[in-house]
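Chemist: Need coordinates for the following:
(4 chains)
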2 protein chains.
Amino acid sequence: MLKKERHDFIMRQINLHNRVLTSDLVQLLAVSEDTIRRDLQELVDEGKLFKVHGGALSKSYHSSFDDSTVYARDSKISIAKKATSLVKDGMVVLTGGGTTILEFVKQLPQNLEATFFTISPLVAVELAKYDNIEVILIGGLFSKNSQITYGGQVITQLSEIKADLCMMGTSAIHPSDGLTDTYWEINQLKKAMIACSKKTAVLCISEKLDISLRLKVCPIENISFLITELDEAHDALAGYRVKELNIL
Amino acid sequence: MLKKERHDFIMRQINLHNRVLTSDLVQLLAVSEDTIRRDLQELVDEGKLFKVHGGALSKSYHSSFDDSTVYARDSKISIAKKATSLVKDGMVVLTGGGTTILEFVKQLPQNLEATFFTISPLVAVELAKYDNIEVILIGGLFSKNSQITYGGQVITQLSEIKADLCMMGTSAIHPSDGLTDTYWEINQLKKAMIACSKKTAVLCISEKLDISLRLKVCPIENISFLITELDEAHDALAGYRVKELNIL
DNA sequence: CGTGTTTATGCGGTTTTGTGCAATTTAATG
DNA sequence: CATTAAATTGCACAAAACCGCATAAACACG
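Modeler: Got it, this is the predicted structure:
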């Protein structure tokens, strides 16, 4: 087994389970602990994962539970500012939840006149601060982890609306695998959100680029805008330059 | 389980409940008390939480503790505590919005097992901190003033549920005029909420007693419980002592 | 081909880290 | 102020990580 193959194998495990134990890898790959450790160290150097005593964790996993209040806030603000340029007076916008979306809402121009549908109570509360925005909160089961509504009722309601633009956060995006997610319910939700919107914008911190998770939401061709904190000419975005997708 | 994973788990619990008990963590994570204590100590060193005898508290909780500025907070807490006695395991509860209801939710027992419907996003977020409570947020137009959902869609959804108990705040209550309100939409909403619940409890600061507003919601006979910060034998409650209405 | 160089891997010994146990000290409560 | 629960401390042990070295395969080049 070649080193590169081992690395790929490890990354697949990480993306699948968010974690991996050194001892497991020793067994699965039938090499010595030292080799595994060196492999992990190299992947760390490439910035692809996070090493801990006993194994390694995925980067996204790490970031999602860390103090999300401050984590990568600057990047998120810069993404949010770019995103506001897509919203014009009179639009009907559908939003998901998450800190990036919340930041986007905070950056909206004060006098914007628009209609917003959202599945996030926190986003709704934030939107309510704008006088000329009509806010419709889509109700349903409330998820304790992601602080959004989900489930069949939400999907049904989504099927009844037609939005000009859908703004959503990302778990992972990959040039060939497209938008992916770990949880079935969230996956279904995102599909429904994209389906009921004319255009979809994905707000995405650069570290979530080139990652794919278990469940596929849609190919990148189904997305209209990819918004990251990077400059639009940045190399990391090369794989995403397809006709349908505008990068900003 | 890796140490980092435990730390993340603990932080999730803290963010969810604002608090965590050492003994609970010992059970949930299946490690010794010592390990948990060391974990907590390390998180303290990282400045992520606040350690106390018996467990730990969230930092934000500690700092935002002095919201004694909130109007009549003591009265509302005392009302909230009384109100929790009405909720039993297995119940389906419907709640409105407002600071009194929010306080009520905060006072619920940690291990309560129940289903809550609510029209208030803030209440939903607070309820989500309880592991064994299922939260359903009723969606619709979002009111900027009262921070609740309202409108036809909400009423339709309410007509489809059947709750054991409805908890609502009060604008005004009067012995002969009953429950009244100023706004048409809120009035309709309250009617619908009462209609779909077997019993209704009204949480009411004493200063809202003996007031009547323009629009009538229902007579006091349609309410099952009136909860104020006053002693149940207090004179101010004399006019409300009717057969159907329990005062506490 | 041979020889020197790089790269990948494994092995032994040492150091660090994580965890639990027992004894003691400290806090909470009636 | 006595009783109990929780926290602290020091210690022991095992697992994991680290370091240096040896080996060998892959590669480069005259």
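
Chemist: Report the separation between the nearest residue to residue A:169 once chain neighbours are set aside and chain B.
Modeler: Of all residues not flanking residue A:169 in the chain, residue A:98 sits nearest, at 3.7 Å (CB to CB, 6 or more residues apart in numbering or on different chains). Every C-beta, even on glycine, is put in place using the N, C-alpha and C of the backbone. In this view, residue A:98 and chain B are 14 Å apart by CB to the nearest CB, to the nearest Å.

Chemist: Phi, psi for residue A:98 please.
Modeler: phi 100, psi 160 (degrees, to the nearest 10).

Chemist: Where does the closest residue to residue A:191 other than its chain neighbours fall, secondary structure wise?
Modeler: The shortest distance from residue A:191 to any non-neighbouring residue, by CB to CB, 6+ apart, is to residue A:217 (5.9 Å). Taking DSSP states H and E as the criterion, residue A:217 maps to strand A:215-218.

Chemist: what about the next helix or strand after that strand, distance to the chain center?
Modeler: Using DSSP H and E, the helix or strand that follows strand A:215-218 in sequence is strand A:225-227. Per CA atoms, centre = their mean, to the nearest Å, the displacement of strand A:225-227 from the mean C-alpha position of its chain is 11 Å.

Chemist: Quick check: nearest residue in space to the residue sitting nearest the centre point of chain A, chain neighbours excluded?
Modeler: Among the residues of chain A, the one closest to the centroid is residue A:170, at 1.0 Å (CA atoms, centre = their mean). Nearest residue to residue A:170, sequence neighbours excluded (CB to CB, 6+ apart): residue A:204, at 4.2 Å.

Chemist: Up against DNA strand C, what does chain A have?
Modeler: Contact residues, chain A versus DNA strand C (CB under 7 Å from any atom of the strand): A:1-3, A:6, A:31-32, A:34-35, A:38-39, A:53-54.

Chemist: Those in helices, which ones?
Modeler: In helices, judged by DSSP state H, the following of the residues of chain A next to DNA strand C are found: A:3, A:6, A:34-35, A:38-39.

Chemist: Let me have those in JSON lines, extended by neighbour count and distance to DNA strand D.
Modeler: Listed next are these as JSON lines, based on neighbours: other CB atoms under 10 Å in any protein chain shown; distance: CB to the nearest atom of the strand, whole Å:
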{"residue": "A:3", "neighbour count": "12", "distance to DNA strand D": "11"}
{"residue": "A:6", "neighbour count": "20", "distance to DNA strand D": "15"}
{"residue": "A:34", "neighbour count": "9", "distance to DNA strand D": "5"}
{"residue": "A:35", "neighbour count": "15", "distance to DNA strand D": "10"}
{"residue": "A:38", "neighbour count": "14", "distance to DNA strand D": "9"}
{"residue": "A:39", "neighbour count": "20", "distance to DNA strand D": "11"}
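
Chemist: Would you convert these into TSV that also reports pLDDT and distance to residue A:113?
Modeler: Formatted as TSV, these follow (pLDDT from 0 to 100; distance: CB to CB, whole Å):
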residue	pLDDT	distance to residue A:113
A:3	88	58
A:6	92	56
A:34	94	63
A:35	94	61
A:38	94	58
A:39	94	55
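
Chemist: Show me which of the residues you listed is closest to chain B.
Modeler: Using CB to the nearest CB, residue A:39 comes nearest to chain B of these, at 17.5 Å.

Chemist: so what are the domain limits for chain A?
Modeler: A:3-65, A:73-247 (automatic domain parsing).

Chemist: Off-centre distance for the last one?
Modeler: On the basis of CA atoms, centre = their mean, the separation between the geometric centre of domain A:73-247 and that of its chain is 8 Å.

Chemist: tell me the mean pLDDT over that domain?
Modeler: Taken as a whole, domain A:73-247 carries a mean pLDDT of 95.

Chemist: What I need now is the ones in helices among the residues of chain A next to DNA strand C written out in TSV, including distance to residue A:89 for each item.
Modeler: Shown next, in TSV, are those (distance: CB to CB, whole Å):
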residue	distance to residue A:89
A:3	56
A:6	54
A:34	62
A:35	60
A:38	57
A:39	54
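
Chemist: Please identify the most buried of the domains of chain A.
Modeler: Ranked by mean neighbour count, the domains of chain A are led by domain A:73-247 with a mean of 19 (mean count of other CB atoms under 10 Å in any protein chain shown).

Chemist: Figure out the length between the terminal residues of that one.
Modeler: End-to-end distance of domain A:73-247: 21 Å, with CA to CA, to the nearest Å as the criterion.

Chemist: so what's the backbone phi/psi at the closest residue to residue A:174 other than its chain neighbours?
Modeler: Taking CB to CB, 6+ apart, and ignoring the residues beside it in sequence, residue A:174 has residue A:212 as its nearest neighbour in space, at 4.1 Å. Here the main-chain torsion angles of residue A:212 (degrees, to the nearest 10) amount to phi -130, psi 140.

Chemist: Residue A:212 touches residue A:175, doesn't it?
Modeler: No. Assessed by CB atoms under 8 Å, residue A:212 is found out of contact with residue A:175, at 9.6 Å.

Chemist: Next, work out how far apart the residue in chain A that chain B sits nearest to and residue A:194 are.
Modeler: Closest to chain B within chain A is residue A:139: 2.4 Å, counting by CB to the nearest CB. Counting by CB to CB, to the nearest Å, the separation of residue A:139 from residue A:194 is 20 Å.

Chemist: related to what we said a few turns ago, just the ones in helices among the residues of chain A next to DNA strand C now: which is nearest residue A:144?
Modeler: residue A:39 (36.1 Å; CB to CB).

Chemist: quick one, what contacts the closest residue to that closest one other than its chain neighbours?
Modeler: The shortest distance from residue A:39 to any non-neighbouring residue, by CB to CB, 6+ apart, is to residue A:6 (5.6 Å). Contacts for residue A:6 (CB atoms under 8 Å, 6 or more residues apart in numbering or on different chains) come out as A:29, A:31, A:35, A:39.
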